[in-house]
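Asks: fold the following.
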Amino acid sequence: MRDSKSEPRIHKFAGLAEPAALFWRRLHDYLNWERKNLRLVIDWIVALYIIVPFGLLAGRYYYGFWHGEIPIVMQNLPLIVLLLLPLLSALASRPILLLNPADAVFLRQRPGWLRNVISRAAVMFTVFQGAKAALIMALLLPFLRELYLLPWGGVAALYLAVWALHLAAGMTAHFAGIFRRERLKGSAALAALLAISALFLWAAVSGTAASLAAAAVLGAAAGIMMQRRVALSHHFEESAAADVAVRLRFAALLLARAVERPQPPKRRSLLLRRSGPLLPRFAGSWRTRQIADAALKSSLRENGYAAMYLRFAVISVAGVAVGPIWVGWVVTPLILLLFSMWLRGLWLRFIDHAFPPVASLDRGIADSACAPAVGIQMLPLAFALTACLGVKVFGAWWGALVFGLPGAAVGVLLAFTLSIFWHKKE
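Replies: Purely as a prediction, here's the structure:
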């Protein structure tokens, strides 16, 4: 005889309570994992010296955009260029289904559980993309209102179009990843992405009615794809692999510069091993110049140094060029100070790893070589920042020479001064 008490238990096992608990447990674990990654990368020093100052500066720019301080360079941009920001954000969106490869046997044997978890993930994806679309529209709102004079009805219609774009593009890119082994379906998904992008750009620049129509079409397409995704029980391995890749993407971006990983050997280097000296003779004694040259060549041969230097320079120059003049006077010394601290960190890493413990290195010679090594690297950025500030102050190209040359000298002097300060502090 079958136990009558086992029937409700089986019915409860196949109901909605357990899949909901599985979904919320997976979501909690995922958020906790990303929170730990954030804590690993962002500490009090990063928040105090980078996030808080640049956050306040960005807030000041945003306040200025609402009060007629939009840069002249951006006043001539067509609206379609501004709409590339939500388009690129939508193309990078992917749904997170919270599936694991180890669930293949368990969930495929229980279609009700699988459909429940994926449907809840689709709802979460919809809500998250709505919040992201609202954030993007908040960033673009001063330009839409002050520069393009878009009415509030048009802003609301554009927000709905951006939201539907994120949903449709994210789901289409997800299907492209699932059907990557099937050439016809994968190519159709990529073609659909191009059609979605073209439809959004055309509707956004055509007016409120076109934006509402595009929002309806893209929203309906996203809804159909979500229903198809919930009903798609095969391709489980591809779905789990795509979901794990999406969850690892944000962590990879966070930990790319925080976790050291083995680098493959370079086939070509920026400087030859037997290249000549880089510093002139007046930079110090020959021992000081040898150590400083070695530090410079080590940094130039390091993977990612040039990319980090260029990013720092581009963001800094853009911050000085876009805002008002008084912001440039505040940003320039702050950027130079932060840049000198970063170069100081590269110098300390070079001193700690370049010389073996058995080698005797005079600490005084190493400290004296820090100033020219850091100063020569600060020279290009200091010249670019102060030259940009000079052009804004005088309104002519010769302002770059008036401010740039003394600014480069001030940058080198700052490196020497900070080197002496750090040497006394240590």
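
Asks: for stretch 20-34, buried residues please.
Replies: Judged by neighbour count (16 or more other CB atoms under 10 Å), stretch 20-34 contains these buried residues: 22-23, 26. Using the backbone N, CA and C atoms, a C-beta is placed for each residue, glycine as well.

Asks: name the helices or strands packed onto the host helix or strand of residue 348?
Replies: Following DSSP states H and E, one finds residue 348 within helix 325-354. The elements that helix 325-354 packs onto, with contact taken as 3 or more CB pairs under 8 Å, 6 or more residues apart in numbering; DSSP states H and E, are helix 52-65, helix 286-301, helix 305-322, helix 363-394, helix 399-425.

Asks: quick check: mean pLDDT of that helix?
Replies: Taken as a whole, helix 325-354 carries a mean pLDDT of 76.

Asks: can you tell which of the helices and strands packed on helix 325-354 is closest to residue 172?
Replies: Between residue 172 and the helices and strands packed on helix 325-354, the tightest spacing by CB to CB is seen for helix 305-322, at 30.7 Å.

Asks: in the chain, what secondary structure element scores lowest on mean pLDDT?
Replies: The least trusted helix or strand in the chain, going by mean pLDDT, DSSP states H and E, turns out to be helix 6-13, with a mean of 40.

Asks: about what we covered before: ok and the helix holding residue 348 relative to helix 399-425, angle-wise?
Replies: Here helix 325-354 points in a direction 50 degrees away from that of helix 399-425 (axes from the mean of the first three to the mean of the last three CA atoms, to 10 degrees).

Asks: list the buried residues in helix 325-354.
Replies: Taking 16+ other CB under 10 Å as the neighbour-count basis, helix 325-354 is seen to contain the buried residues 327-328, 331-332, 335-336, 338-340, 343-344, 346-347, 350-351.

Asks: between those, which sits nearest residue 199?
Replies: If you rank the buried residues of helix 325-354 by distance to residue 199 using CB to CB, residue 327 comes first, at 38.8 Å.

Asks: tell me the spacing between that closest one and residue 54.
Replies: Plainly put, residue 327 is 12 Å away from residue 54 if you go by CB to CB, to the nearest Å.

Asks: what do you get for residue 339?
Replies: 14 Å.

Asks: check residue 404 too.
Replies: Residue 404 sits 24 Å away from residue 54, taking CB to CB as the criterion.

Asks: who has more neighbours, these two?
Replies: Set side by side, residue 404 and residue 54 give different neighbour counts by other CB atoms under 10 Å, the larger being at residue 404 (20 against 16).

Asks: give the contact list for the residue nearest to the more buried one when sequence neighbours are not counted.
Replies: Once its chain neighbours are removed from consideration, residue 404 has its nearest residue in residue 387; the separation is 3.4 Å (CB to CB, 6 or more residues apart in numbering). Residues touching residue 387, when contacts are defined by CB atoms under 8 Å, 6 or more residues apart in numbering, comprise 399-401, 403-404, 407.

Asks: so residue 79 makes contact with residue 205?
Replies: Yes - under the criterion of CB atoms under 8 Å, residue 79 is in contact with residue 205, at a separation of 5.4 Å.

Asks: which stretches of the stretch 1-150 of the chain have low pLDDT?
Replies: 1-17, 43-49, 73, 104-105, 107-108 (pLDDT under 70).

Asks: can you pull the contacts of residue 316?
Replies: Taking CB under 8 Å, 6+ apart as the definition, contacts of residue 316 comprise 331, 335, 339, 381, 384-385.

Asks: how does it look with 7 Å?
Replies: Residue 316 makes contacts with 335, 381, 385, as judged by CB atoms under 7 Å, 6 or more residues apart in numbering.

Asks: ok, residue 117 next?
Replies: Taking CB under 7 Å, 6+ apart as the criterion, residue 117 is in contact with 19, 22-23, 98.

Asks: alpha carbons of stretch 307-321, as PDB, please.
Replies: Included here for stretch 307-321 are C-alpha records, laid out as PDB according to Å, rounded to 0.1, in the frame of the first residue of the first chain:
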ATOM      1  CA  ALA A 307      47.000  51.500 -21.700                       C
ATOM      2  CA  MET A 308      46.700  52.700 -18.100                       C
ATOM      3  CA  TYR A 309      48.800  55.800 -18.900                       C
ATOM      4  CA  LEU A 310      46.700  56.700 -21.900                       C
ATOM      5  CA  ARG A 311      43.400  56.200 -20.000                       C
ATOM      6  CA  PHE A 312      44.600  58.400 -17.200                       C
ATOM      7  CA  ALA A 313      45.700  61.100 -19.600                       C
ATOM      8  CA  VAL A 314      42.500  61.000 -21.800                       C
ATOM      9  CA  ILE A 315      40.200  61.200 -18.800                       C
ATOM     10  CA  SER A 316      42.200  63.900 -17.100                       C
ATOM     11  CA  VAL A 317      42.400  66.100 -20.200                       C
ATOM     12  CA  ALA A 318      38.700  65.600 -21.000                       C
ATOM     13  CA  GLY A 319      37.900  66.700 -17.400                       C
ATOM     14  CA  VAL A 320      39.800  69.900 -17.800                       C
ATOM     15  CA  ALA A 321      38.600  70.600 -21.400                       C
END
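
Asks: same question for it, mean pLDDT?
Replies: Here the mean pLDDT over stretch 307-321 is 79, rounded to a whole number.

Asks: distance from that stretch to the middle of the chain?
Replies: 15 Å (CA atoms, centre = their mean, to the nearest Å).

Asks: for residue 250, grab the count of nearby residues.
Replies: By other CB under 10 Å, 14 other residues sit near residue 250.

Asks: phi first, then psi, for the closest residue to it other than its chain neighbours.
Replies: Excluding its sequence neighbours, the residue lying closest to residue 250 (CB to CB, 6+ apart) is residue 34, at 6.4 Å. In terms of degrees, to the nearest 10, the main-chain angles of residue 34 are phi -70, psi -30.
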